[in-house]
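> Provided below are the primary sequence and the corresponding predicted coordinates.
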Amino acid sequence: MNDLEMIESLRGGTPQITPEAASAARARLQAEWTAAPRPVRGWTMPRPVTRIAVAGVLGVTIVAAVTLSQLTGGKHNLSVASAAELGDRAAVAVEKTPDKGPGPHQWIYARSRNAEFKGDMNSWWKGMDTSRLNTVEGWERVDGRESAEIVDGKLKVTKAGWRYDEHGKPVGYKSPDQSGYRLTKMLPTEPRALLRTLYDPKTMRMAYWDPEEAGSGGPGPATPVPPAGGRESARSVFGTITELLQRPLPSALRAALYRALPQIRSVSVERDVRDAAGRRGIAFTHTFEGWNRQMIILDPVTYRFLGTYSYAIKEHSPGDGEGTVKKGTVLQWTAQTALRVVGKPGLR
């Protein structure tokens, strides 16, 4: 029997720790960390062996969390044994500071750092150049009816609506749209019910449907919607949760999203993942179609959303005339560096 099997056998009959007991234990540990140091014997516990893989030129260390993931965040040394534990810790942290979320007429200011394409969106398989980062900032009204950005030093506000050609034919929808706001209003806050709703394609159709446009004889859907019938894929649901976590949300919904993520099949934990701002985090991770590993990176102490990271764990040929994605190619690397609710566009 090896060390890990011994640990597993010892803990097999131990009941799962309750949130209350976990909070008490964390309080005792924090008291120990802040207390004056005491002399101890020169003995240290052996660390579990982990597998380390370096992705491209990122310098980001991705550690496979098979049995135990540990991460030092700030002054604290956190141990997360599973995605379920990470989800529960993050949810408890959110629930300690409850709020109802922003009002529909308030504005969201967001700033992020993102890796740039090596080519462009039409040659996405080449991946991202992690040595070239750009900063993007903008404002969006909470209900999605207006957005704003700085153009040539001046604030430009864009109203949501349809774009028409010279013949009056609708040719597209101006950014932003109201789908994110509608989703937050439609989603339940019980984790299992939340997942069932996200897997239901009707949810996305309703989120993207503009009843005012449809009622006035306008084009109807704001953007292309998923096909009727069937079921949303795990990749789609993971992506939707990723997008939602980048918005100001009611505490109950954010907590439910954290608890729902581990219930998506094969979601696990990665430790010591760095976002595009260089901050160390701990991440929910999922590998789709056997080649694309995607991560939602959280702060290891506050569990605030930090950013995203995605790379190819093996070579992939999508076909349809597109190029081959090489193993190790970074497909996405972002960092959300500011997210605030403000009274009007232009305020930071």
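Here it is on my side, so go on.
> below-threshold pLDDT in the stretch 1-150 of the chain: ranges please.
For the stretch 1-150 of the chain, the stretches with pLDDT under 70 are 1-78.
> excluding its backbone neighbours, what's nearest Leu261?
What sits nearest to Leu261 in space, not counting adjacent residues and going by C-beta to C-beta, 6 or more residues apart in numbering, is Phe284, at 5.0 Å. Using the backbone N, CA and C atoms, a C-beta is placed for each residue, glycine as well.
> A strand includes that neighbour, no?
Yes: the assignment for Phe284 by DSSP: H, G, I helix; E, B strand; the rest coil puts it in a strand.
> tally of neighbours for it?
25 (other C-beta atoms under 10 Å).
> that one pairs with what?
Val269, Ile296 (DSSP bridges).
> roughly how far apart are it and Gln294?
9 Å (C-beta to C-beta, to the nearest Å).
> cool, Pro191 as well?
20 Å.
> what of Ser317?
19 Å.
> what about those two, which has more around it?
Under the criterion of other C-beta under 10 Å, the comparison of Ser317 against Gln294 puts Gln294 first, with 20 against 11.
> how about that one, phi and psi?
phi -120, psi 150 (degrees, to the nearest 10).
> excluding its backbone neighbours, what's nearest it?
Ser310 (4.4 Å).
> same for the host helix or strand of the one you found, what does it pack against?
According to DSSP states H and E, Ser310 maps onto strand 305-312. On a contact count with 3 or more C-beta pairs under 8 Å, 6 or more residues apart in numbering; DSSP states H and E, strand 305-312 meets strand 280-288, strand 292-298, strand 330-342.
> hmm, try it at 10 Å
Secondary-structure packing of strand 305-312 (3 or more C-beta pairs under 10 Å, 6 or more residues apart in numbering; DSSP states H and E): strand 107-117, helix 234-245, helix 251-260, strand 268-274, strand 280-288, strand 292-298, strand 330-342.
> the helix or strand following the first one vs strand 107-117, what angle?
Next along the chain after strand 107-117, taking DSSP H and E as the criterion, comes strand 128-141. Following axes from the mean of the first three to the mean of the last three C-alpha atoms, to 10 degrees, one obtains 160 degrees for the angle between strand 128-141 and strand 107-117.
> tally of neighbours for Asn134?
10.
> for it, what are its contacts?
112-116, 276 (C-beta atoms under 10 Å, 6 or more residues apart in numbering).
> the same query, at a cut-off of 6 Å, please.
114, 116 (C-beta atoms under 6 Å, 6 or more residues apart in numbering).
> isn't Arg293 right next to Thr287, touching?
Yes: between Arg293 and Thr287 there is a contact under C-beta atoms under 6 Å: 4.6 Å.
> same drill for the two, tell me which one is more crowded.
Under the criterion of other C-beta under 10 Å, the comparison of Arg293 against Thr287 puts Arg293 first, with 21 against 15.
> and the pLDDT at the more buried one?
The confidence metric pLDDT takes the value 97 at Arg293.
> same check, this time on Tyr208
Confidence score, pLDDT, at Tyr208: 75.
> same for the helix or strand encompassing Val157, what does it pack against?
Element membership for Val157, per DSSP H and E: strand 154-159. Under the contact definition 3 or more C-beta pairs under 6 Å, 6 or more residues apart in numbering; DSSP states H and E, strand 154-159 sits against strand 146-151.
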